[in-house]
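K.L.:
predicted coordinates and the sequence they were generated for:
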Amino acid sequence: MSYQKKENLYKARKKRLLTQEEVASAVGIKRIHYNRIEKGKSDPQLTVVKKLSIFFNESMDELFS
């Protein structure tokens with residue numbers, strides 16, 4: 001995952017003053033998995049990408065491109 005992708009996800013979370021635990025719980029994954037996605041150590045499955053997009057009310061392209 002590129003730096004920009006990681007930064008977009010991090011900014012979306014911080015803009016809403018949420019913890020990684022809160023985001024992970026909202027989309028149905030474990031915090032450690034969300035942490036790895038946000039840090040670029042793991043690429044999320046398409047279903048998780050869709051859930052994150054809906055949760056943050058941003059397009060998948062905005063979050064992951």
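P.N.:
Now that the structure is in, tell me what you want to look at.
K.L.:
all helices of the protein, in order?
P.N.:
Secondary structure of the chain by DSSP state H: the helices cover 3-15, 20-27, 31-38, 46-56, 60-64.
K.L.:
least reliable of those going by mean pLDDT?
P.N.:
In terms of average pLDDT, helix 3-15 trails the rest of those, at a mean of 86.
K.L.:
need the contact partners of that one.
P.N.:
20, 23, 37-40, 52, 56, 58, 62-65 (CB atoms under 8 Å, 6 or more residues apart in numbering). Heads up, the C-betas are built off the backbone N, CA and C, glycines and all.
K.L.:
now the residue most central in space within the chain: how far from Tyr34?
P.N.:
Nearest residue to the geometric centre of the chain (CA atoms, centre = their mean): Leu9, 4.8 Å. Counting by CB to CB, to the nearest Å, the gap from Leu9 to Tyr34 is 9 Å.
K.L.:
mutual contacts of these two, please.
P.N.:
Taking CB under 8 Å, 6+ apart as the contact criterion, no residue touches both Leu9 and Tyr34.
K.L.:
buried subset of the contacts of helix 3-15?
P.N.:
Neighbour counting with 16 or more other CB atoms under 10 Å marks 20, 23, 37-38, 52, 56, 58, 63-64 as buried within the contacts of helix 3-15.
K.L.:
and for Lys30, nearest residue in space, chain neighbours not counted?
P.N.:
Ala24 (6.1 Å; CB to CB, 6 or more residues apart in numbering).
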